[in-house]
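[1] Output the structure for:
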Amino acid sequence: MSIKTKINIALKCIFFTLTVGVILYGATVVLERKDSLYKYADFFDMAEKDQIDVLFIGSSHVINAINPTVLYKEYGYTSYNMGGHGSLLQSTYWELMESLQYTTPKWVVVDAYMLEKDYRYLDDREANPDEDEVNTSVEQLHLNMDVWPCNKLKIDAMNDLILDKKVRREFLFNFLVYHNRWEYISEDDFKSITGHESRNELFGAEMRYDVETSILLCKQPKEGTILEEETVGERYLAAIIEECQKRGIGVLVTFDPFNPETKDIIAANSAGAIAKAYDVPYLNMLNGDVIDIYSDLNDHGHLNVVGATKTTRAIGDWLKKKGKLTDHRGDKAYSYWEERSNNFYDTIRDDIREENNLISKLSLMSLGEYGFVFYCNDGSQVFTDKPMEHIISEIAGSNMIKTTAGPYIMINDPKSGKIYEASGDSCLENIEIAMGRMYYQPVEHDFRLFYEADDTDTNYLYDDAYIGADIQILIYDKETGEVIDHQYFTSKGGKYAR
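    Residues are numbered from 1 along each chain as shown. Okay, the predicted model is just below:
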């Protein structure tokens, strides 16, 4: 065989090997579930630019409670929400270690929810007999771990988190668990090969939009009660603090707000004791000062978008006082953060107009992205609906809605920062809002006046086509006063129909 023939054969073998390798790599990328990549795509891009000031780490109480786009819009601080659903503190520790391979933030904010958990391995069914919790913890770990490369650090993490060697391999080699995804792949799966896949637009956060109206309060433990014995959760919280201190990273321990059980209050007290022992700051937000549990929860354990905005502001205020961070707003190098933040508020404005659930709509409008007029006719079930009365009262900052049988009007004007109310026979005269100088006067059950001083012919609160609607919402641009939408609702049988 000639040398030329041997070279041709060798080249064909090399070409065949490379082709097979490319095909296998492409198939692996396509078949891999994209949840983790979706969450962290912006993390890698922003870390490469050294543009992450703060990392938020913890469980779903973090992923649903901290909105980096709000933190940037209102404070100019850049952050990434690394929170994961069901993440115990040992999972959170290893996620932090993974992320610190790519970025060194100025602050790490670690939430201590589930501090009381006292088993090391997520899949240890003897230590944790709750089969559903075990299966959920292992399944949800994929969100936080799949995106990281298979290296010594990830092997150490899996050895520390997972007892079953077969399950460990599924985290180290994702194609083992995702090889049967052929029937579920979409166009977005192929985009991931070129790096153009969809990505989380809130820098890792996820917002929820419902309002939980059924609230049960727990029994309060004795003041200052802490966990009796050190737990696995406490050891990993200490390890997180120690790692940050070793690297010169500021660390803030939090207990994000929600409707707690007794054990959660005890865990929060214990988190404070650990923070004190390490001389690091602690924000316990279970005290009711940050959110209103009757309007700011999506469910019993998680915040809705309004509660998340309030929590983000609470931490933003702390960082402004103590964090010594740079306000990046206006810096062209951070235009992507500006774009993402603007997109979030555009989404909120769209959701306000499209939302058909009245209590969820009012919740969203409380964020102040639109000015609005809320009118409720006498006889409406609003006046006997306690959750509805509560959220209206929270927005208005008064109890007028709770003390009247109607009619009732509230005007929330972000431009002036003022809220106007009237009920019963009371009128509003010459009030200055973005729409102009306005007048309101109730006349009779099916007729009332609401007009601008320079246009008395336009009565905004009367339309023959909607005479049977007992609730009206007039939405206007908070700067120009232009009417954006006029929506009507009718209350029947405990529901509000648009």
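[2] Over to residue 438. Which of the three states is it?
    At residue 438 the chain is in strand, as set by DSSP: H, G, I helix; E, B strand; the rest coil.
[3] Can you tell me the closest non-neighbouring residue to it?
    residue 431 (5.3 Å; C-beta to C-beta, 6 or more residues apart in numbering). (Each C-beta comes from the backbone N, C-alpha and C, glycine too.)
[4] isn't the one you found right next to residue 421, touching?
    No. If you go by C-beta atoms under 8 Å, residue 431 and residue 421 don't touch, sitting 10.7 Å apart.
[5] secondary structure element for residue 55?
    Taking DSSP states H and E as the criterion, residue 55 maps to strand 54-57.
[6] on that earlier part again, so the residue nearest to residue 438: helix, strand or coil?
    The local conformation at residue 431, judged by three-state DSSP, is strand.
[7] do the same with the one 10 residues further on
    State at residue 441, reduced to three classes by three-state DSSP: strand.
[8] Bridged to it, which residues?
    Listed by DSSP bridges, the beta-bridge partners for residue 441 are residue 449.
[9] cool, and residue 81?
    Residues in beta-bridge contact with residue 81 (DSSP bridges): residue 56.
[10] which residues sit in contact with it?
    56, 62-63, 66-68, 202-205 (C-beta atoms under 8 Å, 6 or more residues apart in numbering).
[11] any idea how far it lies from residue 89?
    17 Å (C-beta to C-beta, to the nearest Å).
[12] again with residue 150
    Residue 150 is 24 Å from residue 89, by C-beta to C-beta.
[13] More neighbours: the two, which one.
    More crowded of residue 150 and residue 89, by other C-beta atoms under 10 Å: residue 89, with 27 against 12.
[14] Just give the nearest non-adjacent residue to residue 322, would you?
    Distance criterion C-beta to C-beta, 6+ apart; nearest residue to residue 322, sequence neighbours excluded, is residue 281 at 6.8 Å.
[15] is it true that the one you found touches residue 271?
    No. Using C-beta under 8 Å, residue 281 is not in contact with residue 271; the gap is 11.7 Å.
[16] where do the contact lists of the two overlap?
    With C-beta under 8 Å, 6+ apart, residue 281 and residue 271 have common neighbours residue 253.
[17] neighbour-wise, which of the two wins?
    More crowded of residue 281 and residue 271, by other C-beta under 10 Å: residue 271, with 28 against 16.
[18] So for the more buried one, what's the nearest residue that isn't a sequence neighbour?
    Leaving aside its chain neighbours, residue 271 sits nearest to residue 112 (3.6 Å; criterion: C-beta to C-beta, 6+ apart).
[19] Quickly note the distance from the one you found to residue 313.
    From residue 112 across to residue 313, the span is 20 Å (C-beta to C-beta).
[20] These two: which is more packed in?
    More neighbours surround residue 112 than the other of residue 112 and residue 313, with 30 against 17 (other C-beta under 10 Å).
[21] re the thing from before, what is the burial count for the residue nearest to residue 438?
    When counting by other C-beta under 10 Å, one arrives at 18 neighbours for residue 431.
[22] How about the contacts made by it?
    Residues near residue 431 by C-beta under 8 Å, 6+ apart: 411, 418, 420, 437-439.
[23] and what of residue 98?
    Applying C-beta under 8 Å, 6+ apart to residue 98 gives the contacts 145, 148, 153-154, 157.
[24] ok, and the most crowded of the residues you listed?
    That'd be residue 157 among those, by other C-beta under 10 Å, with 25 neighbours.
[25] Flag every buried residue along the strand or helix carrying that residue.
    Using DSSP H and E, residue 157 falls within helix 152-161. Using 16 or more other C-beta atoms under 10 Å as the test for burial, helix 152-161 gives 154, 157-158, 161.
[26] out of those, who's nearest residue 3?
    residue 154 (45.2 Å; C-beta to C-beta).
[27] Next, the distance between the ends of stretch 275-284.
    Its first and final residues considered, stretch 275-284 spans 11 Å by C-alpha to C-alpha, to the nearest Å.
[28] What's the mean pLDDT across it?
    Stretch 275-284 shows a mean pLDDT of 98.
[29] that older thread, who are the packing partners of the helix holding residue 157?
    Packing partners of helix 152-161 (3 or more C-beta pairs under 8 Å, 6 or more residues apart in numbering; DSSP states H and E): helix 89-99, helix 131-145, helix 165-172.
[30] got the angle for the second one vs helix 89-99?
    Following axes from the mean of the first three to the mean of the last three C-alpha atoms, to 10 degrees, one obtains 10 degrees for the angle between helix 131-145 and helix 89-99.
[31] got it, and the last one?
    Here helix 165-172 runs at 40 degrees with respect to helix 89-99, directions being taken by the same axes, to 10 degrees.
[32] so which of the helices and strands packed on helix 152-161 gets nearest residue 444?
    helix 131-145 (57.2 Å).
[33] quick one: buried residues of the closest one?
    Quick answer for helix 131-145 (16+ other C-beta under 10 Å): 134, 137-138, 140-145.
[34] Turn the residues you listed into JSON lines, columns for pLDDT and distance to residue 452.
    JSON lines is the format used below for those (pLDDT from 0 to 100; distance: C-beta to C-beta, whole Å):
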{"residue": "134", "pLDDT": "86", "distance to residue 452": "62"}
{"residue": "137", "pLDDT": "86", "distance to residue 452": "58"}
{"residue": "138", "pLDDT": "90", "distance to residue 452": "61"}
{"residue": "140", "pLDDT": "91", "distance to residue 452": "53"}
{"residue": "141", "pLDDT": "94", "distance to residue 452": "58"}
{"residue": "142", "pLDDT": "93", "distance to residue 452": "56"}
{"residue": "143", "pLDDT": "92", "distance to residue 452": "51"}
{"residue": "144", "pLDDT": "93", "distance to residue 452": "54"}
{"residue": "145", "pLDDT": "94", "distance to residue 452": "58"}
